[in-house]
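Enquirer: sequence and predicted structure, then a few things I'm wondering about:
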Amino acid sequence: MNEAATPAQRFLRVLVTVGPGGLWLFLFVLLPSLLVLLASLLSRGPYGELGLPLGLHNYARALQPVYLEAFTESLLVGVWATLLSALLGYPLAFYIARHPKRDLLLFLLLLPFLTNFLIRVYAWLVLLQREGLVNALLGAFGLGPFAFYPSFGAVLLTTVYTFLPFFVLPVYASVERLDWQLLEAAYDLGARPFRAFLHAVLPQTYPGLFAGSVLVFIPAMGTFVVADLLGAGRVVLIGNLIQQQFGVTRDWAFGAALSVFLMGFVLLSLYLYARLQGERGLEELV
Amino acid sequence: MRRLLSLHALLVYLFLYVPILVIVALSFNESRRGVRFSGFTLDWYRALFQDPRVLEYFLNTLVVALVSTLVSTVLGTLLALGMVRYRFLGKELLRYLLYIPVVVPDVVMGISLLLLFAFSRELFGFPRLSLFTVILGHITFQLAFVTLVVRSRLLLLDPALEEAARDLGARGFQTFLHVTLPLAWPGVAAGALLALTLSLDDFVVTFFTAGPGATTLPLYIYSSVKLGVSPKVHALSTLIVGLSACFLALGYALSRRRV
């Protein structure tokens, strides 16, 4: 770019700009990732420390039925949360995009989302408790009270609540770019509303749909806080298993192996996304 | 059809707001439990403010957020600049490393940092888990977001402006200070704001990297919630929600003015 710069000057510039951040990423992102891989091959010592022997035993253990259950449970939460977010978020994105005050509506969508994550989870704990609002309302009809949690449903509901904007925003971006002339053309050609939507509108929103799905699926499957508070031992996800290994159980080697599996799921879903959207899609996602 | 869409939107917004409004209402409720409103009170706020630990946790949260935002904004802006302007060995690797904190579930991020600190302590005797390690952890995920936000802004800039500055005799650093930085400023500000929000919001990474004496507000909320629903947490949540709402409204107003 700058012809006048000597190689030494150019090197200095790269060093000053990229150096500190690059070093940081090397020390705190690359190195820890490698350490997780290393730890996953080690064993738990008598005092919970990491030690020899080296082997794949942690991975073998993670594939036992007890733990596989947590894997399927996590996938279920991820898939269901994505579907429910689509159900709630897809029409909402259209509504916002076509509303004259869409800036305000977007702001209102983001507001609860940018208040503390833990508080959003806590709010459902309060709503669903035995003396909570939901039971009070049902009680007015002579129903209940019910113990809504710990349960899979409570975990799912709260997960959807927490990550819904992740779905709406990318769909909204696609709807904004939508070419409505295609819809008119479909009508002109005699398509009924449903078919017109299916062929003229829906395909145009695929990028947003895919991006939204990945953005909900990954954190929904990877979180442990929601299941910890509203599943309270009844719903155990991979995240909860990992947290246990690094908490009370102190089996870091096994926890590291579980993390590698979780990362595997994440990379797999990103890979599928990239296949559907192309490399550029991945860039846009971030 | 349109009416159906409006109804749907109304219901979703209710779904988003009712839980938070219930917490706000309960924080002023006299009775400890239940939803029956038995009378207005500020007792829970009083109890909160009289708890010296809460002040300490608040200060911890603030220190972590401000220090980490400052460091990550400076490092991230420089990194974005270098990645947009120069070609160098390992740039591809760096690009992938930037994506890791964005896509990795936060549990994995937390335990990998915990492992790093544990290994480092074994080998070099430091760092002990403390506010310092929490700050290191926060900078790590913030750095990725700041860099990506600033980079997307820099990519929009017209390189001719910098060339003009150079043609007029500005030196590298002068160009940066008087041309590049002012042009990139909205991106830097947006990145910093995002970093601040992420830090204030973070629970999971803090959970794994905090040692004794390094309790932040999210950690405090978590440990109280584990013990059960409490009106003091309602009050604290209401304050946090109120503050972030003011914050966001301010940002919203500013962004509208610029347009």
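Expert: Done, it's in.
Enquirer: use CA for all of it now, contacts and neighbours both
Expert: Noted.
Enquirer: helix or strand right after the stretch of helix or strand B:A65 belongs to?
Expert: Take DSSP states H and E as the rule and B:A65 turns out to sit in helix B:52-85. Stepping forward along the backbone from helix B:52-85, the first helix or strand reached (DSSP H and E) is helix B:91-103.
Enquirer: tell me what angle whichever helix or strand comes after that following helix forms with helix B:91-103.
Expert: Remark: after helix B:91-103, the chain's next helix or strand is helix B:106-124, criterion DSSP H and E. When axes from the mean of the first three to the mean of the last three C-alpha atoms, to 10 degrees is applied, the directions of helix B:106-124 and helix B:91-103 differ by 120 degrees.
Enquirer: related to what we said a few turns ago, please see if the helix holding B:A65 touches chain A.
Expert: Yes - contact between helix B:52-85 and chain A is present through B:75-76, B:78-83, B:85 (criterion: C-alpha under 8 Å from any C-alpha of the partner chain).
Enquirer: looking at the residues you listed, spot the one nearest B:L129.
Expert: Each of the residues of helix B:52-85 next to chain A was scored against B:L129 by C-alpha to C-alpha, and B:L75 proved nearest at 23.2 Å.
Enquirer: the closest one contacts A:G21, correct?
Expert: Yes - under the criterion of C-alpha atoms under 8 Å, B:L75 makes contact with A:G21 at 5.2 Å.
Enquirer: most neighbours among the residues of helix B:52-85 next to chain A, please name it.
Expert: Within the residues of helix B:52-85 next to chain A, B:G76 tops the neighbour count with 31 neighbours, counted by other C-alpha atoms under 10 Å in any protein chain shown.
Enquirer: could you list every residue that touches it?
Expert: Neighbouring residues of B:G76 by C-alpha atoms under 8 Å, 6 or more residues apart in numbering or on different chains: A:21, B:143-144, B:146-147, B:150.
Enquirer: out of those residues, which are inside helices?
Expert: If you go by DSSP state H, the contacts of B:G76 have A:21, B:143-144, B:146-147, B:150 in helices.
Enquirer: redo those as a markdown table? Include pLDDT, neighbour count and distance to A:R195.
Expert: Compiled in a markdown table, those are given as follows (pLDDT from 0 to 100; neighbours: other C-alpha atoms under 10 Å in any protein chain shown; distance: C-alpha to C-alpha, whole Å):
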| residue | pLDDT | neighbour count | distance to A:R195 |
| --- | --- | --- | --- |
| A:G21 | 92 | 28 | 51 |
| B:L143 | 94 | 28 | 46 |
| B:A144 | 92 | 27 | 43 |
| B:V146 | 92 | 29 | 43 |
| B:T147 | 92 | 27 | 43 |
| B:V150 | 89 | 27 | 42 |
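Enquirer: could you identify the pair within the residues you listed that is furthest apart?
Expert: Within the ones in helices among the contacts of B:G76, A:G21 and B:V150 form the most distant pair, 13.3 Å apart (C-alpha to C-alpha).
Enquirer: overlap in contacts of B:L75 and A:G21?
Expert: B:L143.
Enquirer: ok, back up a step: closest one of the residues of helix B:52-85 next to chain A to B:L11?
Expert: Top of the list for closeness to B:L11, among these and by C-alpha to C-alpha, is B:G76 at 39.8 Å.
Enquirer: which one of the ones in helices among the contacts of B:G76 sits closest to B:A9?
Expert: Within the ones in helices among the contacts of B:G76, the smallest distance to B:A9 is 32.3 Å, found for B:V146 (C-alpha to C-alpha).
Enquirer: for chain A, which spans come out with low pLDDT?
Expert: Low-confidence regions of chain A, defined here as pLDDT under 70, cover residues A:1-5, A:47-48, A:144, A:278-286.
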